[in-house]
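pasting the structure only:
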């Protein structure tokens, strides 16, 4: 999942004089008002906040209502998807024309049929709509699947993502991870064999490296299972 | 889904006598939308023509419209908010009320698809659905007809289901809905049927799954509307002709022949009586209160009253408590408390106590303590031990205040110590209702006698001189009978309802005369309140026992109206359990007990306690 970042922000929160006895609570309330809204200054949607430090002195603004400004440092969790960012979400609706996904539980994403790579073919069996890959039969996207999609456009006001399944590294996360794992495991096995052949040395020479490498029998078992 | 286009449709001559498959129609629609972007608007305009047809459609036109809508829902990604504005405005201008179930389904499907297609259209889709909460004007006065009830059911079922579906596809849509629904609420002066139908929908939304997300906004919006309507009914509207008479005094003059049906009808019968009878705003408020009470009952039955009550209390704190002498809206909270006395009932009293003790704004504190005293006095569902506990806290607070002022006050200044006086008045008012009950219980009696009431009442701040004479009189009378404190003869108020001192501490807002849970005057809403409401009854006062030599009839005569009708209510003085078990015949609703106007010049003779104090009829500015 990309598009998430933590930022440290130096903030001044202006509070109404009536909140003088409940500064901490009021500061948190003001920060909570930022949640799930796109903020240009932070260049992202604020998903969570944590006050790290708060100044004990406040600056009083002159005026009819003497608001006072509290300086504080806060950690902000931001969601800031840009084009080509890979995000993950759950499929909530699927039809021939589109796939609808919820990302991080709050952002709606829609993928139109033009943005679904040709490998995926739509079919409806026993009342269940699915997009199944013609290259990998087990790569299936249906309602409830967790998928990885590429961001085409992000509507900051409505928090709506126009997504795409055109890049090869997009699709059903479960399948992609298994597929990537298999690939990487095969790569690792091949690499190790090459390494052993080159060195012509017994297997106990590099104990630490050996410990960090998953044992072959286990890997091959997994491969067989898969 | 194939459809044959009617020969009579002149705008579709090209399509005559042709059958199309679903995918062909979808392709046609997509092509029309794309062509419009390239400047060829011929087919696009045909599409708009279909969407604009709404009245008295022939079956083939219905089929065409339904097919067009379904095809559009599969081509929503081709709709451009800038270039297809006419089409979108035609779609959003459609009313579900104008069509049959097939078109309704297709239209709802399209709206859901549009909302999910992109961020730009979500708000418009929600607005379109919310606009269907209320019927078009043509149907407005037929809503009671069976066919219209069926239509209403069909439309609203689809609207609410669509809102739910959109919320599943677009998680931020409930946030938008929270802004849209209160904003589109019919104006205060709209027809009653409009507001009622709209609020029905708000409450329905509150009940379903979306309620967890938007429920609090709905509660706040409905309570706000109740308060808006409440403040529109000024006390001056309740009291019409004779500003020197209390409303209940007027009711006494018109002894109800049928005690079942009082309030509005009584008002109508009496020339120059209060005008709620023909008050459109009051009727509207009454209907909304009934809706709200029914909804709270359904929440209680579903076991989710406590979660709703939290928001209701917040709303009460923000709007009702701060409203100037709210007359009716607070009864919603009272009813909610009666539904769950163990949790909601106690929570409400605790909140009021906390506001009185901790807040800084004197007016809010005075209001809060008025609410607390009135609530504890009137709630039949509240146990005496709980009332005694709250009473003790109030007495302790008053005593502490007295200690803080010891030796400082040479001259009594009611305005400066208004919070104190309001606290003292609340104690006395509460005791007027509860003293007999407490004296009958040995534990509570000892608690009552251990309270330092006399030290407070005899403090140089002299609350007996400042608080409302009618309450002080009644309190002293009962306190004397209960040997709670000695009564000096100097407190003879000569039937004074209010004194200059009480006016002074009540301030321009006259919070000295604010007893929020006096009997509810709204006819329909009253049936929810009455079973759990304690009305003032003279024969359950403590001194009633001391009326030696008087027959029961003679005693009753002390609180009969001019025509000699007997008061029927005797809620006071019963134990909590008795009240629970004894479901009083609700038809026996006598207004006789509610008069508070002193009939005797001597306060030591039985006077009537205000069940509902006459509100000040003087304009605030003249005080």
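Here it is on my side, so go on. What you see is a predicted model, and the numbers here were worked out from it, not measured in a lab.

leaving aside the residues next to it on the chain, what's closest to residue B:455?
The shortest distance from residue B:455 to any non-neighbouring residue, by Cβ to Cβ, 6 or more residues apart in numbering or on different chains, is to residue B:399 (6.4 Å). Every residue, glycine included, has its C-beta placed from N, CA and C.

same thing with residue B:224?
Distance criterion Cβ to Cβ, 6+ apart; nearest residue to residue B:224, sequence neighbours excluded, is residue B:319 at 5.7 Å.

what sits against that neighbour?
Residues near residue B:319 by Cβ atoms under 8 Å, 6 or more residues apart in numbering or on different chains: B:220, B:223, B:224, B:227, B:329.

check residue A:99 too.
By Cβ under 8 Å, 6+ apart, the neighbours of residue A:99 are A:91, A:93, A:110, A:111, A:116, A:131, A:141, A:147, A:165.

beta-bridge partners for the fifth one, please?
Think residue A:116. residue A:165 (DSSP bridges).

I'd say it and residue A:165 touch.
Yes - taking Cβ atoms under 8 Å as the definition, residue A:116 is a contact partner of residue A:165 at 4.7 Å.

quick check: buried residues in stretch A:117-124?
Going by neighbour count (16 or more other Cβ atoms under 10 Å in any protein chain shown), the buried part of stretch A:117-124 is A:119, A:120, A:122.

that stretch vs chain B: in contact?
No - Stretch A:117-124 stays clear of chain B (Cβ under 8 Å from any Cβ of the partner chain), getting no nearer than 12.3 Å.

list the contacts of that stretch.
A:96, A:113, A:129-135, A:141, A:165-166, A:168, A:170-171.

next step: these restricted to strands.
Judged by DSSP state E, those include A:129, A:130, A:131, A:132, A:133, A:141, A:171 as members of strands.

thought residue B:441 was touching residue B:384?
Yes - here residue B:441 reaches residue B:384: they are 6.4 Å apart, a contact under Cβ under 8 Å.

which one of those two has more residues nearby?
Per other Cβ atoms under 10 Å in any protein chain shown, whichever of residue B:441 and residue B:384 has more neighbours is residue B:384, with 21 against 15.

stretch A:42-55 near chain B anywhere?
No - contact between stretch A:42-55 and chain B is absent, the nearest approach being 10.1 Å (criterion: Cβ under 8 Å from any Cβ).

now that stretch: mean pLDDT?
Averaging pLDDT along stretch A:42-55 gives 90.

would you mark the buried spots in that stretch?
In stretch A:42-55, counting by 16+ other Cβ under 10 Å, buried: A:44, A:45, A:46, A:47, A:49, A:51, A:54.

okay, these in a markdown table with secondary structure next?
Converted to a markdown table, the buried residues of stretch A:42-55 look like this (DSSP: H, G, I helix; E, B strand; the rest coil):
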| residue | secondary structure |
| --- | --- |
| A:44 | strand |
| A:45 | strand |
| A:46 | strand |
| A:47 | strand |
| A:49 | strand |
| A:51 | strand |
| A:54 | strand |
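
which pair of those spans the longest distance?
With Cβ to Cβ as the measure, no two of the buried residues of stretch A:42-55 lie farther apart than A:45 and A:54, at 23.7 Å.

how close does the residue of chain A found nearest chain B get to residue A:83?
Nearest residue of chain A to chain B, counting by Cβ to the nearest Cβ: residue A:158, 2.4 Å away. Here the distance between residue A:158 and residue A:83 works out to 17 Å (Cβ to Cβ, to the nearest Å).

what about the nearest residue to the residue of chain A closest to chain B once chain neighbours are set aside, neighbour count?
Spatial nearest neighbour of residue A:158, excluding adjacent residues (Cβ to Cβ, 6+ apart): residue B:119 at 2.4 Å. Look at residue B:119: counted by other Cβ under 10 Å, it has 22 neighbours.
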